[in-house]
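Peer 1: Provide a 3D model corresponding to the input given below.
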Amino acid sequence: MNTTSGELNASVEAAHAAFEKARLESPGTRAAWLEAIAGGLEDDAGALVGTAAGETHLAVPRLQGELKRTVFQLRLFADEIRRGEHFDATIDHEDAAWGMGPRPDLRRYNVPLGVAGVFGASNFPFAFSVMGGDSASALAAGCAVVHKAHDGHRELAVRTAETVTAALAAAGAPSGLFSLVTGRQAAEALVDHPLVKAIGFTGSTAGGRALFDRAAARPEPIPFFGELGGINAVFVTGNAWASRREEILSGYAGSFTLGMGQFCTKPGVLFIPAGLTDEVRATLQTALADFAPAELLSVRLHEGFREAVDTLRDTAGVQVLVDGDFADAPAPTVLLTTSDAVRRDPGPLRQEMFGPASLVVQYSDESELAALAGLLEGQLTTTLQAEPEDDVAELAGRLADISGRLLWNGWPTGVTVSYAQHHGGPYPATTSGTTSVGTAAIRRFLRPVAFQSFPAPRLPEPLQDANPWNVPQRVDGIWQHPSAGRLEGEL
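Peer 2: This next block holds a predicted model:
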């Protein structure tokens, strides 16, 4: 049964009531709630992984690793909010001698947005779903979460939500802080609900754009943090190609087929020097010889994969380099075109094939690469396969302009959860300038508020001179840490 409009409204109202209670809690308390969820997921890991394997066609070791990542992320976020850096607490004391005239007492910090609606992704049933990055970062920020389950793993979503709500209840969190809804009607109502203040989404460009437009069309538009995918282009310089093309092609083959090509960071386009086509084909065939095909996540995704490959294969100037198939467990397909062809029609550089397929583009001269990069849309990642002596400054600059993460001699599949990670990029990679992975993801669900000339007892804890929560504060322009005094780099 799908969630009715009345049930959706009740869930959002309960979430808002829970948010009003939870927003008053200390970072340590909220961190303990995240750790309780992590422990609950660990305790229920066997049942969760078994359910996921039955619904998604993903292998058990892959799912175990993904659940481990999810638990790690929750604990990392707990540590992050305990430190309090996400508050960005800034205090300017009253100063009659301030350079532009007398300054009042001003204090600013970040507060949670409120109720966040989160949409789960199909391709990562743990890491980007019920308690994935969006839910975890929203809870860490101090928001309440209403999660829209993905239909591709609904049984798992229900089981995970039960584990999460039980863990939160045992840890003393307010009832309603996290809840699950199902069905398209609930999805649309979630975006429309006036008590919902932000949306997190991971999925297709078409679905994400429809929800993004809906969020913007509300009487009160709200932030829509959507990750919509991309091509994740890889550029190989002449020197790199001459010295290690077999290694590059083997790495490429392994990356674009990882997880049956159902990663949002899959390298969908590889730019290489022209020539040696037969050698390229043979090397890729060898690299793919041990590939073990598996079913895609759903029949719907399988049909979308077939349509995307057929569309690109039938485009003028595109030919088949390695012929795959569309069996229930499809074999990989590699298509080939030229830089001249994509300059005439850049469409192939913007066609995502969500599955085990990719496009090779042969260029005639390395001087073309910066201009070819200019034909690309926004990317989650771009990659340079280059040698230390290569002058790639112009190309790297172009790639930094259009991508959220730029790799040197690596492959984009594999997104670690860490402090410096950025998983985002210009549209259509995402709908915002934020990240959905790493500790910086927490700040999406916060907004700044300044307090002017407030009496000390009325100030929020992070802005009090006594600093009862022991968070970093920037006081009159100088960062101070409760345990280390002034921070390195102050002026």
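Peer 1: Quick check: the gap between Phe445 and Val164.
Peer 2: To Val164, Phe445 is 17 Å away according to C-beta to C-beta, to the nearest Å. Any C-beta I mention is one placed from the backbone N, CA and C, and that applies to glycine too.
Peer 1: Could you report the separation of the residue nearest to Asp151 when sequence neighbours are not counted from Gly304?
Peer 2: In this structure, Asp151 finds its nearest non-sequential neighbour in Thr182, 7.7 Å apart by C-beta to C-beta, 6 or more residues apart in numbering. Distance of Thr182 to Gly304, given as C-beta to C-beta: 22 Å.
Peer 1: do the same with Ala370
Peer 2: In this view, Ala370 and Gly304 are 32 Å apart by C-beta to C-beta.
Peer 1: how about the nearest residue to Leu195 once chain neighbours are set aside, what does it touch?
Peer 2: Beyond its immediate neighbours in the sequence, the residue positioned closest to Leu195 (C-beta to C-beta, 6+ apart) is His16, lying 4.6 Å away. His16 sits next to 114-115, 144, 195 when contact means C-beta atoms under 8 Å, 6 or more residues apart in numbering.
Peer 1: so the most centrally placed residue in the chain is in which element?
Peer 2: With distances taken as C-alpha atoms, centre = their mean, Ser436 lies nearest the centre of the chain, 3.4 Å away. For Ser436, there is no host helix or strand (DSSP states H and E).
Peer 1: Ala170: how many residues sit nearby?
Peer 2: 12 (other C-beta atoms under 10 Å).
Peer 1: Where does the residue nearest to Leu195 fall, secondary structure wise?
Peer 2: Element membership for His16, per DSSP H and E: helix 5-22.
Peer 1: Which residues belonging to that helix are considered buried?
Peer 2: By 16 or more other C-beta atoms under 10 Å, the buried positions in helix 5-22 come out as 7-8, 11-12, 14-19, 22.
Peer 1: okay, it in PDB with CA atoms only?
Peer 2: Output of helix 5-22 as PDB, limited to C-alpha atoms (Å, rounded to 0.1, in the frame of the first residue of the first chain):
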ATOM      1  CA  SER A   5      -2.300  12.200   1.400                       C
ATOM      2  CA  GLY A   6      -3.500  12.100   5.000                       C
ATOM      3  CA  GLU A   7      -0.800   9.800   6.100                       C
ATOM      4  CA  LEU A   8       1.800  12.000   4.400                       C
ATOM      5  CA  ASN A   9       0.500  15.100   6.100                       C
ATOM      6  CA  ALA A  10       0.600  13.300   9.500                       C
ATOM      7  CA  SER A  11       4.200  12.200   8.900                       C
ATOM      8  CA  VAL A  12       5.300  15.700   8.000                       C
ATOM      9  CA  GLU A  13       3.500  17.300  11.000                       C
ATOM     10  CA  ALA A  14       5.000  14.700  13.300                       C
ATOM     11  CA  ALA A  15       8.400  15.500  11.800                       C
ATOM     12  CA  HIS A  16       7.900  19.200  12.400                       C
ATOM     13  CA  ALA A  17       6.900  18.600  16.000                       C
ATOM     14  CA  ALA A  18      10.000  16.400  16.500                       C
ATOM     15  CA  PHE A  19      12.200  19.000  14.900                       C
ATOM     16  CA  GLU A  20      10.900  21.700  17.300                       C
ATOM     17  CA  LYS A  21      12.000  19.500  20.200                       C
ATOM     18  CA  ALA A  22      15.300  18.200  18.700                       C
END
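Peer 1: which ones are touching Leu380?
Peer 2: Per C-beta under 8 Å, 6+ apart, neighbours of Leu380: 227, 229-230, 232, 264-265, 403-405, 412, 423-425, 429-430.
Peer 1: Put the buried members of those residues into a ChimeraX selection.
Peer 2: Those of those that count as buried under 16+ other C-beta under 10 Å are selected in ChimeraX with:
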select :227,229,230,232,264,265,403,404,405,412,423,424,425,429,430
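Peer 1: about what we covered before: among the contacts of His16, which are in helices?
Peer 2: Per DSSP state H, helices hold no members of those.
Peer 1: out of those, which are inside strands?
Peer 2: 115, 144 (DSSP state E).
Peer 1: In a markdown table: the contacts of His16, plus distance to Ala187.
Peer 2: Shown next, in a markdown table, are these (distance: C-beta to C-beta, whole Å):
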| residue | distance to Ala187 |
| --- | --- |
| Gly114 | 19 |
| Val115 | 15 |
| Ala144 | 18 |
| Leu195 | 16 |
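Peer 1: could I get the contacts of His16 as a markdown table with neighbour count, distance to Pro468 and pLDDT?
Peer 2: Shown next, in a markdown table, are the contacts of His16 (neighbours: other C-beta atoms under 10 Å; distance: C-beta to C-beta, whole Å; pLDDT from 0 to 100):
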| residue | neighbour count | distance to Pro468 | pLDDT |
| --- | --- | --- | --- |
| Gly114 | 21 | 24 | 98 |
| Val115 | 29 | 27 | 98 |
| Ala144 | 31 | 24 | 98 |
| Leu195 | 15 | 30 | 98 |
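Peer 1: out of the contacts of His16, which one sits closest to Leu67?
Peer 2: Nearest to Leu67 among the contacts of His16: Ala144, at 23.5 Å, using C-beta to C-beta.
Peer 1: wait, the closest one sits on Glu13?
Peer 2: No - counting by C-beta atoms under 8 Å, Ala144 stays clear of Glu13, with 10.6 Å between them.
Peer 1: ranges for the helices of the chain?
Peer 2: 5-22, 27-43, 45-56, 60-83, 133-141, 154-170, 184-192, 205-217, 238-257, 277-287, 299-313, 339-344, 369-373, 393-402.
Peer 1: hang on, the earlier thing: what about the residue nearest to the centre of the chain, distance to Val118?
Peer 2: 11 Å.
Peer 1: Spit out the residues that contact the two alike.
Peer 2: In contact with both Ser436 and Val118: 134, 200, using C-beta under 8 Å, 6+ apart.
Peer 1: Please name the residues that touch Arg69.
Peer 2: 126-127, 417.
Peer 1: 6 Å instead, please
Peer 2: Ala127 (C-beta atoms under 6 Å, 6 or more residues apart in numbering).
Peer 1: same deal with Ser255?
Peer 2: Per C-beta under 6 Å, 6+ apart, neighbours of Ser255: 267, 411, 413.
Peer 1: Neighbour-wise, which one of the residues you listed leads?
Peer 2: Busiest of these [other C-beta under 10 Å] is Pro267, holding 26 neighbours.
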